[in-house]
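In: Got a predicted structure here, sequence first:
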Amino acid sequence: MSYIISTEKIVQKSCRMILDESALPGVKRIAGIVAHDMELVFGTAPAIRYMSEDTEETFDQGIVVGTLGYSRLLDE
């Protein structure tokens, strides 16, 4: 399996950073820092989406950010 992050995918919003809504504050902070770093590299930052148990939205591609044992997205 391969995953390629490209400027085109970030600009088209098909590449997102996905976090659990209840993510620890430090995880949310680091996700923002990584998104900013990606903006410096690619010229645009990926959208950051916060997911809850009620969220029915699906994504073709995404960068899942969280902590094992604390993130429903990673633990499922």
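Out: Now that the structure is in, tell me what you want to look at.

In: so Val65 makes contact with Gly26?
Out: No. When contacts are counted by C-beta atoms under 8 Å, Val65 is not listed as touching Gly26 (11.1 Å). Every C-beta, even on glycine, is put in place using the N, C-alpha and C of the backbone.

In: the more surrounded of the two?
Out: Neighbours per residue (other C-beta atoms under 10 Å) separate Val65 from Gly26, with Val65 holding more: 20 against 9.

In: so what's the more buried one up against?
Out: 17-19, 23, 27, 30-31, 34 (C-beta atoms under 8 Å, 6 or more residues apart in numbering).

In: if you set the cut-off to 10 Å instead, what comes out?
Out: Contacts for Val65 (C-beta atoms under 10 Å, 6 or more residues apart in numbering) come out as 17-20, 23, 27-28, 30-31, 34-35, 48, 71, 73-74.

In: And Arg72, by the same measure?
Out: Taking C-beta under 10 Å, 6+ apart, we find Arg72 in contact with 20-23, 51-53, 66.

In: Sort out for me which of these are in helices.
Out: Among the contacts of Arg72, none falls in helices (DSSP state H).

In: Highest neighbour count among the residues you listed?
Out: Of the contacts of Arg72, with other C-beta under 10 Å as the count, Asp20 tops at 23 neighbours.

In: That one reaches Leu74, doesn't it?
Out: Yes. Between Asp20 and Leu74 a contact is recorded at 8.0 Å, counting by C-beta atoms under 10 Å.

In: Now for those two: what residues contact both?
Out: Shared between the contact lists of Asp20 and Leu74 (criterion: C-beta under 10 Å, 6+ apart) are residues 64-67.

In: where does this structure dip in pLDDT?
Out: Applying pLDDT under 70 to the chain flags residues 1-6, 13, 55-60.
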